[in-house]
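S.K.: Sharing a sequence plus its predicted fold:
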Amino acid sequence: MKKTAVGLLSSFVLGVGILSGCAQGQQTGSAAADTKLPAVVTIKAQTAGAEVTRVDNLVKAADKLNEELKKQGKKTKVKIETNDFNGSWDDYAKQFMLAFKAKKAPDIYATGHENIGWLEDGNYILPLDNLKKSKEYADVYPSLWQAVTYKDKIWGAPQDTEARPVFYNKDILKKLGWTDEQINNLPELVKKGEFTLDDMTKLAEEAKVKGLAEYGIIHRPVDGPDFQALAYDFGGKVYDSKENKIVLDKKAVEKQLNYYYEIAQKKLIPDNLSSMQWDSIHKAVVNGKTLFYYGGVWNVFNWSQGNYHDKLGKVDAKWVNEHFGMMLIPATSKGGKPVTLSHPFVYTVSSQTKYPQLVERLLELVADPNLQAEHDIKTAHLPVTKSAAEVPEFKADVTLGKVTYMTDYTTFLPNNEGFPKYSAAVFNAIQAVELGKKTPKDALKDLEVQLKNDLGDKLIVK
């Protein structure tokens, strides 16, 4: 399951960074260590979550690296030690920092791209600018470099990405009188800007009024990246990379809040949505209780693992494809460009590693198209290179092959440690308007006050 890493208290990040004694000078010393290699080099790699292929693929890449070393006449063998952290994303980050303080950090730390900011600010990781020049990453989807860039340098190797599409229920659309051709053509209408966000709201309302769906729309019940996609959809900006500051774009955020206020006032979402558990969300979607669902492409994997369907239990990708379509988040005006949001997972390299050159070569080899495709198919993610998207098995996948185009429409969260506070504050504002506790204008006023208090001079208000 795709999960979003959460932010950490700045004091904790900076405190551990200072105590660890991490300094840029370590990088030069580490690079020199590559020239004298022992018989066995152990490289430690860590990830978290269900997608263990993120580190398992490094083991396979090491086999190729060992072949290269042998051909070069080197008597060194690379061994990979993998670890899959079991716990919250907050604890995963804290565990890494504490391991770093004890000089026991993994050489490769797989994490969400939005953590690059605090990892670089604390000197925990090495820059990886050379990756962009390597042949293995030559055909990376260009937008993905943005996700791993911070202060004009590259700090992570893109490992996988995803799209957060809007799922639509084909069965409900048929009951509304739509033909199969119209249903299957909906994603194309969205791409062209002919089916807008307002059209989506009206269709959801029609389905509910006619009693064909219990809900018109369901979104995630907790704070997360999805909500920022709507800010981008309304033309908003949440980050100024030159100033390295979070941006409160009041005009866009007010439109964002108005949207959630409208779908709540029209009773298109569950009354208790913000208190629903994820299992309840999945069950509502899979059992056809909503026309639209703001989800993620990995949900297809989730639904194949959990007993969410009342009669069938687990449902496979073929069943999902028969009953659901996936489209971009529609543009807010006719002829506009739709959006999605991606949360790429990345490999970062610890500044404590003794073998930066070997580690960097390992990251080049793990970008092998077939290794990517194997991981992506197994976990319902999207590849980071165009060559991996052309692997026959990936192209044949009933789900993934149809949504790869969404990478061209994607947006990202900012790599700034202040963003989690921004995200949490915006989510609280969304909850307030959905529950009818505040009007969008009042929620925006309170949001501005809170963000100025939380972020101080690290916030730009426009």
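M.R.: Structure's in. What do you need? Residues are numbered from 1 along each chain as shown.

S.K.: Now do the strands in the stretch 351-462 of the chain.
M.R.: 410-411, 459-461 (DSSP state E, counting those that start in this stretch).

S.K.: which stretch in these is the model least sure about?
M.R.: Looking at the strands of the stretch 351-462 of the chain, the lowest mean pLDDT belongs to strand 410-411 (a mean of 94).

S.K.: Tell me which strands it pairs with, and in which orientation.
M.R.: Note on strand 410-411: by DSSP bridges, its sheet partners are strand 340-341 (parallel).

S.K.: Now the residue nearest the centre of the chain. Its backbone dihedrals?
M.R.: The centroid of the chain falls nearest to residue 343 when counting by CA atoms, centre = their mean (1.6 Å). Dihedral angles of residue 343 (phi, psi; degrees, to the nearest 10) stand at phi -130, psi 80.

S.K.: quick one on the thing from earlier: now, of the strands of the stretch 351-462 of the chain, which is deepest in the fold?
M.R.: strand 410-411 (a mean of 22; mean count of other CB atoms under 10 Å). C-beta coordinates here come from the backbone N, C-alpha and C atoms, glycine included.

S.K.: And the lowest mean pLDDT element among the helices and strands of this protein?
M.R.: helix 25-33 (a mean of 36; mean pLDDT, DSSP states H and E).

S.K.: after it comes which helix or strand?
M.R.: Using DSSP states H and E, the helix or strand that follows helix 25-33 in sequence is strand 40-48.

S.K.: For the strands of the stretch 351-462 of the chain, could you give me a markdown table that also reports distance to residue 252?
M.R.: Shown next, in a markdown table, are the strands of the stretch 351-462 of the chain (distance: least, CB to CB, whole Å):
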| stretch | distance to residue 252 |
| --- | --- |
| strand 410-411 | 13 |
| strand 459-461 | 12 |
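
S.K.: Buried residues, stretch 205-223. List them.
M.R.: 205, 207-208, 212-213, 215-221, 223 (16 or more other CB atoms under 10 Å).

S.K.: And the residues you listed, which two are furthest apart?
M.R.: 212 and 223 (30.7 Å; CB to CB).

S.K.: what does the longest helix belonging to the chain rub up against?
M.R.: Longest helix in the chain, counting residues (DSSP state H): helix 53-71. Residues outside helix 53-71 that contact it (CB atoms under 8 Å, 6 or more residues apart in numbering) are 43, 45-47, 76-80, 82-84, 108, 110, 159-160, 345, 358, 361-362, 365-366, 368, 371, 374-375, 378-379.

S.K.: Okay, angle between it and strand 40-48 too, please.
M.R.: 160 degrees (axes from the mean of the first three to the mean of the last three CA atoms, to 10 degrees).

S.K.: starting at the chain centroid, how far to helix 53-71?
M.R.: Distance of helix 53-71 from the chain centroid (CA atoms, centre = their mean, to the nearest Å) equals 26 Å.

S.K.: Check stretch 67-84 too.
M.R.: 31 Å.

S.K.: Give me the buried stretch members for it, please.
M.R.: 69, 76-78, 80, 82, 84.

S.K.: Endpoints of stretch 144-151, how far apart?
M.R.: 16 Å (CA to CA, to the nearest Å).

S.K.: average model confidence for that stretch?
M.R.: Stretch 144-151 comes out at a mean pLDDT of 94.

S.K.: residues in contact with the residue nearest to the centre of the chain?
M.R.: Contacts for residue 343 were tallied using CB under 8 Å, 6+ apart; they are 2, 4, 112-114, 161-162, 164, 225, 412-413.

S.K.: Could you rerun that using 10 Å?
M.R.: Counting by CB atoms under 10 Å, 6 or more residues apart in numbering, residue 343 touches 2-5, 112-114, 147, 160-164, 224-226, 296, 410, 412-413.

S.K.: Could you tell me which residues make contact with the residue nearest to it when sequence neighbours are not counted?
M.R.: Counting by CB to CB, 6 or more residues apart in numbering, residue 225 is the residue found nearest to residue 343 once chain neighbours are left out, at 5.4 Å. Neighbour list for residue 225: 2, 4, 112, 114, 164, 296, 341-343, 411-413, 419, 423 [criterion: CB under 10 Å, 6+ apart].

S.K.: ok, now residue 249?
M.R.: 231-232, 234-238, 255-256, 460-462.

S.K.: Of the residues you listed, which is the nearest to residue 125?
M.R.: Distances from residue 125 to the contacts of residue 249, taken by CB to CB, are shortest for residue 238, at 23.2 Å.

S.K.: who are the neighbours in contact with that closest one?
M.R.: 228, 231-232, 246-249, 252-253, 411-414, 416, 419, 422-423, 426.

S.K.: now do 7 Å
M.R.: Applying CB atoms under 7 Å, 6 or more residues apart in numbering to residue 238 gives the contacts 228, 231, 246-247, 249, 414, 422.

S.K.: So which of these is the closest to residue 143?
M.R.: So of the contacts of residue 238, ranked by how close each gets to residue 143 (CB to CB), first place is residue 414, at 14.2 Å.

S.K.: Without its sequence neighbours, what residue ends up closest to that closest one?
M.R.: The shortest distance from residue 414 to any non-neighbouring residue, by CB to CB, 6+ apart, is to residue 239 (3.3 Å).

S.K.: again with residue 454
M.R.: residue 421 (4.6 Å).

S.K.: One more: residue 223?
M.R.: In space, residue 223 is closest to residue 427, 3.9 Å off (CB to CB, 6+ apart).

S.K.: just residue 128 next, same as before
M.R.: Here the residue nearest residue 128, using CB to CB, 6+ apart, is residue 154, at 5.1 Å.

S.K.: Now do the helices in the stretch 151-300 of the chain.
M.R.: All helices of the stretch 151-300 of the chain, identified by DSSP state H, counting those that start in this stretch, fall at 170-175, 180-191, 197-209, 226-233, 250-265, 278-286, 299-305.

S.K.: The longest one packs against which elements?
M.R.: Packing contacts for helix 250-265, counted by 3 or more CB pairs under 7 Å, 6 or more residues apart in numbering; DSSP states H and E, involve helix 226-233, helix 419-434, helix 440-455.

S.K.: between the ones you listed, which gets nearest to residue 36?
M.R.: So among those, helix 419-434 is nearest, using CB to CB, at 41.2 Å.

S.K.: rewinding a little: only C-alpha atoms, please: export the longest helix of the chain in PDB.
M.R.: Provided in PDB are the C-alpha atoms of helix 53-71 (Å, rounded to 0.1, in the frame of the first residue of the first chain):
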ATOM      1  CA  THR A  53      10.800  -5.200  -3.700                       C
ATOM      2  CA  ARG A  54      12.200  -1.700  -3.200                       C
ATOM      3  CA  VAL A  55      15.100  -3.300  -1.400                       C
ATOM      4  CA  ASP A  56      14.900  -6.800  -2.800                       C
ATOM      5  CA  ASN A  57      15.600  -5.300  -6.200                       C
ATOM      6  CA  LEU A  58      18.800  -3.900  -4.800                       C
ATOM      7  CA  VAL A  59      19.900  -7.500  -4.100                       C
ATOM      8  CA  LYS A  60      19.300  -8.400  -7.800                       C
ATOM      9  CA  ALA A  61      21.100  -5.300  -8.900                       C
ATOM     10  CA  ALA A  62      24.100  -6.300  -6.700                       C
ATOM     11  CA  ASP A  63      24.400  -9.500  -8.700                       C
ATOM     12  CA  LYS A  64      25.000  -7.300 -11.800                       C
ATOM     13  CA  LEU A  65      27.400  -5.100  -9.900                       C
ATOM     14  CA  ASN A  66      29.400  -8.100  -8.900                       C
ATOM     15  CA  GLU A  67      29.600  -9.300 -12.500                       C
ATOM     16  CA  GLU A  68      31.000  -5.900 -13.400                       C
ATOM     17  CA  LEU A  69      33.500  -5.900 -10.700                       C
ATOM     18  CA  LYS A  70      34.700  -9.400 -11.700                       C
ATOM     19  CA  LYS A  71      35.100  -8.300 -15.300                       C
END
